[in-house]
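Enquirer: Generate a structure from the sequence data that follows.
(chains A and B)
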Amino acid sequence: AQTVTQSQPEMSVQEAETVTLSCTYDTSESDYYLFWYKQPPSRQMILVIRQEAYKQQNATENRFSVNFQKAAKSFSLKISDSQLGDAAMYFCAYRSATGANSKLTFGKGITLSVRP
Amino acid sequence: EADIYQTPRYLVIGTGKKITLECSQTMGHDKMYWYQQDPGMELHLIHYSYGVNSTEKGDLSSESTVSRIRTEHFPLTLESARPSHTSQYLCASSEYGANVLTFGAGSRLTVL
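Expert: Numbers count the residues shown, from 1 in each chain, chains lettered A, B, ... in the order given. I've put the predicted structure just below:
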């Protein structure tokens, strides 16, 4: 079974600075998808960024980018120019590419606070 | 606007009451899911459905039940609520074969 590990329960960053959130996963599969979801306090969880394992290029979405190291099974999220609205809980997630009905496996999440 | 809606957002009830948490989506998604999340904690999949009249139990055992009579509607029911059921319940949906989940805003249940 696949597992997703987010070992840091909390992190803090100064506004306008850069922060990196760590995620590792364990799988025996070669084809899969990885995601970062953001859950703001009392608000809807939304997708931040996703990465297909077969793509070597790291995904980027505006201020958000990932460092995908397939051999190391590492998938970290970098947030540049941090903003107060980035304060939230962030979940790393894995989904197998085998079968249309495979489910997401989430990590335990990390709470990010942004200092003004 | 296409979205996924959960009601109620907040519910405080007494032990032994029957409750139903509603979840509806307007995107025509085939797949729907219920996750349980304690405050500041990880998500646990408790139920999912891949289409009408199809429901399955998730990774975390739950005393709740679900039904899927219509594509857009996936309610969760607790026949007799207990304090151990106090949690946040998140509903989500996705297209068949798609990778991305769309989440509702959640229903925070407190059982006294």
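Enquirer: Show me what the most centrally placed residue in chain B bridges to in the sheet.
Expert: Here the mean C-alpha position of chain B is nearest to the C-alpha of B:Trp34 (C-alpha atoms, centre = their mean), at a distance of 3.5 Å. For B:Trp34, the residues forming beta bridges with it (DSSP bridges) are B:His47, B:Cys91.
Enquirer: continuing past the helix or strand encompassing A:Phe75, what's the next helix or strand?
Expert: Under the assignment given by DSSP states H and E, the secondary-structure element containing A:Phe75 is strand A:74-79. Note on strand A:74-79: by DSSP H and E, the next helix or strand toward the C-terminus is strand A:88-96.
Enquirer: And the next helix or strand after that next one, what does it pack against?
Expert: Later in the chain than strand A:88-96, the nearest helix or strand by DSSP H and E is strand A:104-106. The contact analysis (3 or more C-beta pairs under 8 Å, 6 or more residues apart in numbering or on different chains; DSSP states H and E) places strand A:104-106 against strand A:3-5, strand A:88-96. The C-beta positions use only the backbone N, C-alpha and C, and glycine is treated the same way.
Enquirer: now do 6 Å
Expert: In this structure, strand A:104-106 makes packing contacts with strand A:88-96, judged by 3 or more C-beta pairs under 6 Å, 6 or more residues apart in numbering or on different chains; DSSP states H and E.
Enquirer: what is the rounded mean pLDDT of the strand it packs on?
Expert: Taken as a whole, strand A:88-96 has an average pLDDT of 94.
Enquirer: So what are the sheet partners of that strand and their directions?
Expert: With DSSP bridges as the test, strand A:88-96 is paired with strand A:32-39 (antiparallel), strand A:104-106 (antiparallel), strand A:110-115 (antiparallel).
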